[in-house]
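Participant: just a sequence and a predicted model for now, questions to come.
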Protein chains: 2
Amino acid sequence: MSTQAGQVFSREALEQVLKRRFFYAPSFEIYGGVSGFYDFGPPGCALQSNLIDVWRKHFILEEDMLEVDCTCLTPYEVLKTSGHVDKFADWMCKDLKTGEIFRADHLVEEVLEARLKGDKAARGIKEEVKEEDEDKKKRKKKVKEIKNVKLDDEVVAEYENILAQIDNYDGPALGELIAKYDITNPTTGGKLEPPVEFNLMFETAIGPSGNLKGYLRPETAQGQFLNFGKLLDYNNEKMPFASASIGRSFRNEIAPRSGLLRVREFIQAEIEHFVDPENKKHPRFVEVKDVKLNFLPSHVQESGHTETVEKSIGDAVAEGMVDNETLGYFIARIALYLASIGIDPKRTRFRQHMANEMAHYASDCWDAELHTSYGWIEAIGCADRSAYDLSVHAARTNEKLVVREPLPEPKTVERWECEIQKKKFGPKFRKDAGTVEKWLTSRTECELEDLAQELKSSGKITADVPEVGQVEIDSDLVSIDKVTRTEHIREYTPNVIEPSFGIGRILYSLFEHSFYTRENDADRGVLSLPPLVAPTKVLVVPLSNAAELKPITQKVSAYIRKQKLPFKVDDSSASIGKRYARNDELGTPFGITIDFDSVKDDSVTLRDRDTTKQVRGTFEDVVDAIKAMTYDGVSWDDATKNLKVFEGQTGE
Amino acid sequence: MSTQAGQVFSREALEQVLKRRFFYAPSFEIYGGVSGFYDFGPPGCALQSNLIDVWRKHFILEEDMLEVDCTCLTPYEVLKTSGHVDKFADWMCKDLKTGEIFRADHLVEEVLEARLKGDKAARGIKEEVKEEDEDKKKRKKKVKEIKNVKLDDEVVAEYENILAQIDNYDGPALGELIAKYDITNPTTGGKLEPPVEFNLMFETAIGPSGNLKGYLRPETAQGQFLNFGKLLDYNNEKMPFASASIGRSFRNEIAPRSGLLRVREFIQAEIEHFVDPENKKHPRFVEVKDVKLNFLPSHVQESGHTETVEKSIGDAVAEGMVDNETLGYFIARIALYLASIGIDPKRTRFRQHMANEMAHYASDCWDAELHTSYGWIEAIGCADRSAYDLSVHAARTNEKLVVREPLPEPKTVERWECEIQKKKFGPKFRKDAGTVEKWLTSRTECELEDLAQELKSSGKITADVPEVGQVEIDSDLVSIDKVTRTEHIREYTPNVIEPSFGIGRILYSLFEHSFYTRENDADRGVLSLPPLVAPTKVLVVPLSNAAELKPITQKVSAYIRKQKLPFKVDDSSASIGKRYARNDELGTPFGITIDFDSVKDDSVTLRDRDTTKQVRGTFEDVVDAIKAMTYDGVSWDDATKNLKVFEGQTGE
């Protein structure tokens, strides 16, 4: 893996820069820290909010999405219904002797990779130097059994096949792998218990009685689903529409590692695009259809391979590889967002979920994966979740989460309907009458047909009504019949297309994609962050701290402040070169040098971080150029065409 | 209480508007809701982020504060040290019979207020109609004993005195009041248990073992204190400086009520200004010294009164009423922020904490209180917390959280110092040697003097060293003596001035301060939000949905989008009046009407929400005027002086 300047990438060098400039650091570090938690310092905080700001403009403002801000704390019932209480878990293996706990899939991956490496060494195959693999190396050092043992050719093939689809195994399958391949505690060689599920939600109690169980949300999506009715109303009942949320989510990871890539508290930006299940075309698909992307479809992975195929999103949808236009539209928009903030498109791929990996209700799902020194990492998911979420909450709460649209022309339909004898129904169920009635009237066609059958055969319905319990409804209280109706209204539960972003993972990948060192000095790191997202856009450097440079420095600062460009002044006594080096590490794209000529004619030098080119002009013209490059995407050549090339005293 | 248009304020009318326009709503409402949790819909979300955005510019950018973003989850140890595990609690009373739980101070307040009201009724004193007191009325309805009973004059005086300083009582004192005044469960009259403490932090377990106890942070401050060392380094060791954080905090309130005013999850914006304890002057104090404010000092409250005194912050500091310039500077800056977002300065006061109310370490503390229909509510705290926070974390972790500054000239000082005999010390304490040594060397002068005394008298020191336990240090391992040194460096622990904002409370007060109804129509509510913070700045309304108005509507929209002004188009078939009324409720300050003349000459009508005045000009000029009024604080008269007064077809 190499940097954009062609050097071998060193994660260690990058991490030193990020630490030295306080982009982020382990939380509670003076208390020894807790793995999976990081605090952002001033430049990290600014970079993060710029990524979010661009996201908001690119998605929410561009498409008039409805932004909502929901609570992190969520009561048990909501997450029970959504399936998180039962299924939001990873598989862990315990070593009963040492008390250590391993995440099962990571353990299998780690051990098999170590064995393959040992095999290669035994066969005398030299691996290419992969500086980026330090983290894996560190982990592998721990793998006790990493001996240079040659494996049978078919074992090597088996291992490679498993690794290509490691996300496709559930707990029992991982258990089988662990048993079959004799995988043990890597440090001690001790035996491990079979994988058990560990729920990843943080649990707490709400209120002084301690009786109301709650969780920290593991995703922002549920708040959006629960507010669907209010949002549809706010949108004047118009479909399709999207809601969006940007906020914290929490996952109690079993064994967090890999820095910002696997943390227990993180910022998520999620979109829920509500769409008619019978029409997933997208009016703006034509605008993105020619965007070319790298795809890794499920069938390739399932056959044990990882080669991507490049094609346009238009072709991918036309061929049916990507399920529908709306899903395809968002996949392309995700790629455009990533490119705009500085992620390398060559190190971006879209990987389709495999059969076992995808939720049973989803009709298609693609992850945007970014290549880093940790390998390919999932940064964004983009799934068509069908009507699952709205349906389960509607069924549980008896609230109708549906769209009602006038039909273009009336339609005659046969339908199962239930009629309730209110006079008898009320007295029979008393305070529960409303709930039982709502339950009955919110059944699906299919369920009603079954209930009609039951009513016919046994003269009553026995049902388990949430919040009421088991009830018996006799045939004198209700009748269920197939009736013919002329309908003027179509009622449907929207499907949901959900692009879901992990901001921290994008942020970290951006660090790796933008880091390089100066050609002539490996100690001089540069973060080539695009001006749009860089924490500080311009550094103002007076040539020296001579008193006569102060007034012009203040004049220039006041002008930049008025233009609302984030900037810093560095009037310390360090050399110009040192001051610029410091700001290269902070990713500051532009520098303005103020010298003794500036005092005379208001001219300043503008320096470009990446090329170190310099040009000269009045400070107003220079600031205009910076604004154009930062906010309007104008190139250096275009923005500076009226400024003079400068090769003066401020060279480094 | 009356609106700015002079009408009697109706909270019910306001709440209907806020609900109808989905500014916010109870979270998980389709599941029945959980008290103390609210979700923000699109306009509430936008308004909230505008308040935060103005805050960031007013405080962080204006003063180059260092913004950090720390985690919500916090391990036990950190909050144990900060004092939250032991002391962050409210007092609650249980009714063992019914299981009900009451917050003790609120209960006393409620019952005494109800009795005073009954007394007034018995005396035939008519209270002024206070529409705003609906919430209190509702609560009081529950107070069973609210009978029109005349009280003795001295009892009335006692009650009033208690209510004026209700925040000054701790749990035992509240218990005495409950006993003395025979306060019982208001609905049943049942006896209550004495007040017990209930810790307000939400607790959870971090990691798969379940052994690491953690809490959701009750404030953002601790993350800032823990990062002090890194921030000082980032700031090139320069003092004073401030850090700031904007993020969620969580408090498990005993009995949340009063809507957004008392919630369990909320956004806090906090500043920690680190300052030299020997110099709390502020270089920019002179800029704010003439700002006039309403003060309610502690001695007035302690004498049972609530009258405020108006004076300039300059005078308040000069008189010593406000402890120091830096504290005073922030108090004034808080007032300026509030006024800039639309809070009524006449309904803003600064209340000083009373002796029992203030933390023992604090040297002064003032709350910015805003007047609402719930009474005066605390929205912002501004405290001088002295060196408390940094000192306790330093003592617990043995990390030096100090500033080191070169002295202007060397100074001879006498100081207690301890000298360690490393050769013996190491072997004695082995792996703990470092920790014990750090503990010894981080003692204060005062503590060293005591230890020297102990060493002298008993020949050893017995100490409880965190993470090590009890140790004995003999006099052959260490000596502690008073030595004379020439110092070149001054080392000190900074003091902290902490302005701490509850964004939700400010938001709710803003709703109340800006709500009124149209003179001729009590059903037509208006939120007169200042353009700077309004969710949408301008509504574009084509006069009809005639096809010929579409191109010019698109042209105007494209122009506004390019100017980055948040706007909406309403081309529904509702009347112009209805469409404007809808947006009055959303607080949209400006309207642009497009009519058939617009097609000919690009002219449009600009409407002002509050005055309903209309002027006419080209859409470019109109948008320029809107931008000037929104972002540059230009008045209507100045911004529209080149536009023509309009009294045409779009009247309502």
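Facilitator: That came in fine, so what should we check first? Remember, it's a predicted structure, so these values are computed and weren't measured experimentally. Numbering: from 1, shown residues only, chains lettered A, B, ... in the order given.
Participant: so A:L47 makes contact with A:L532?
Facilitator: No. The pair A:L47 / A:L532 is not scored as a contact, 10.9 Å apart, by C-beta atoms under 8 Å. To be clear about C-beta, it is placed using only N, CA and C from the backbone, and glycine gets the same treatment.
Participant: and these two? which has more neighbours close in?
Facilitator: Taking other C-beta atoms under 10 Å in any protein chain shown, A:L47 and A:L532 do not tie; A:L47 has more neighbours (25 against 19).
Participant: secondary structure element for that one?
Facilitator: helix A:42-55 (DSSP states H and E).
Participant: and the residue of the stretch 551-652 of chain A that's closest to chain B?
Facilitator: A:S572 (7.1 Å; C-beta to the nearest C-beta).
Participant: helix/strand/coil for that residue?
Facilitator: coil (DSSP: H, G, I helix; E, B strand; the rest coil).
Participant: list the contacts for it?
Facilitator: By C-beta atoms under 8 Å, 6 or more residues apart in numbering or on different chains, the residues touching A:S572 are A:N545, A:R579, B:N236.
Participant: ok, back up a step: which residues touch the helix holding A:L47?
Facilitator: With C-beta under 8 Å, 6+ apart as the criterion, helix A:42-55 contacts A:18, A:21-24, A:40, A:246, A:267, A:269, A:337, A:340-341, A:501, A:503, A:506-507, A:510, A:529, A:532-536, A:566, A:586-587, B:66-69, B:231, B:234.
Participant: buried residues in that helix, which are they?
Facilitator: Buried positions in helix A:42-55, judged by neighbour count with 16 or more other C-beta atoms under 10 Å in any protein chain shown: A:42-52, A:54-55.
Participant: with stretch A:377-389 instead?
Facilitator: Buried residues in stretch A:377-389 (16+ other C-beta under 10 Å): A:I377, A:A379, A:I380, A:G381, A:C382, A:A383, A:D384, A:R385, A:S386, A:A387, A:Y388, A:D389.
Participant: what's opposite the fifth one in the beta bridge?
Facilitator: When bridges are assigned using DSSP bridges, the partners listed for A:C382 are A:W366, A:P499.
Participant: quick check: pLDDT value at it.
Facilitator: The model reports A:C382 with a pLDDT of 97.
Participant: chain B contacts on the stretch 351-500 of chain A?
Facilitator: A:H393, A:R396, A:T397, A:E399, A:L401 (C-beta under 8 Å from any C-beta of the partner chain).
Participant: by mean pLDDT, which helix or strand of chain A comes out lowest?
Facilitator: helix A:134-142 (a mean of 50; mean pLDDT, DSSP states H and E).
Participant: quick check: next helix or strand after that one?
Facilitator: The helix or strand immediately downstream of helix A:134-142 is helix A:153-164, counting by DSSP H and E.
Participant: tell me which other helices or strands that following helix touches.
Facilitator: helix A:104-122 (3 or more C-beta pairs under 8 Å, 6 or more residues apart in numbering or on different chains; DSSP states H and E).
Participant: now the helix it packs on: buried residues?
Facilitator: Here helix A:104-122 shows A:104-121 as buried, counting by 16+ other C-beta under 10 Å.
Participant: now do the buried residues in the lengthiest strand in chain A.
Facilitator: In chain A, taking DSSP state E as the definition, the longest strand is strand A:403-420. Buried positions in strand A:403-420, judged by neighbour count with 16+ other C-beta under 10 Å: A:V403, A:W416, A:C418, A:I420.
Participant: to the chain's geometric centre, what's the distance from it?
Facilitator: Centroid separation for strand A:403-420 versus its chain: 40 Å, with C-alpha atoms, centre = their mean, to the nearest Å.
Participant: that one pairs with which strands, parallel or anti?
Facilitator: With DSSP bridges as the test, strand A:403-420 pairs up with strand A:478-492 (antiparallel).
Participant: now the partner strand - C-alpha only, CSV.
Facilitator: Output of strand A:478-492 as CSV, limited to C-alpha atoms (Å, rounded to 0.1, in the frame of the first residue of the first chain):
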residue,chain,number,x,y,z
VAL,A,478,-67.4,-10.6,15.2
SER,A,479,-67.9,-11.8,11.6
ILE,A,480,-65.1,-12.0,9.0
ASP,A,481,-66.2,-12.3,5.4
LYS,A,482,-64.9,-11.8,1.9
VAL,A,483,-66.6,-8.8,0.6
THR,A,484,-66.5,-7.0,-2.8
ARG,A,485,-65.7,-3.3,-2.5
THR,A,486,-65.1,-0.5,-4.9
GLU,A,487,-62.0,1.2,-3.6
HIS,A,488,-61.0,4.8,-4.2
ILE,A,489,-58.0,4.8,-2.0
ARG,A,490,-54.9,2.6,-2.1
GLU,A,491,-53.3,1.9,1.3
TYR,A,492,-49.8,0.6,1.5
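Participant: quick one: low-confidence ranges for chain A?
Facilitator: Counting by pLDDT under 70, the ranges of chain A that qualify are A:127-146, A:648-652.
Participant: what do you get if the cut-off is 50, keeping everything else the same?
Facilitator: Within chain A, the segments meeting pLDDT under 50 span A:129-135, A:140-141, A:650-652.
Participant: domain map for it?
Facilitator: A:48-70+A:217-388+A:497-502, A:89-199, A:409-491, A:536-645 (the TED database).
Participant: looking at those, which is buried most?
Facilitator: Most buried of the domains of chain A by mean neighbour count (mean count of other C-beta atoms under 10 Å in any protein chain shown) is domain A:48-70+A:217-388+A:497-502; its value is a mean of 20.
Participant: off-centre distance for it?
Facilitator: For domain A:48-70+A:217-388+A:497-502, the distance to the chain centre is 7 Å (C-alpha atoms, centre = their mean).
Participant: what's the end-to-end length of that domain?
Facilitator: 11 Å (C-alpha to C-alpha, to the nearest Å).
Participant: next: stretch A:83-97.
Facilitator: Stretch A:83-97 end-to-end distance (C-alpha to C-alpha) = 33 Å.
Participant: contacting residues around that stretch?
Facilitator: Residues from elsewhere that reach stretch A:83-97 (C-beta under 8 Å, 6+ apart): A:76, A:79-80, A:100-105, A:107, A:170-171, A:174, A:178, A:185, A:188, A:190-201, A:215, A:218, A:253-254, A:392, B:208.
Participant: show only the entries of these found in helices.
Facilitator: A:Y76, A:L79, A:K80, A:A104, A:D105, A:L107, A:G171, A:L174, A:I178, A:V392 (DSSP state H).
Participant: hang on, A:D290 packs against A:S312?
Facilitator: Yes. Taking contacts as C-beta under 8 Å, A:D290 lies within contact range of A:S312: 5.3 Å.
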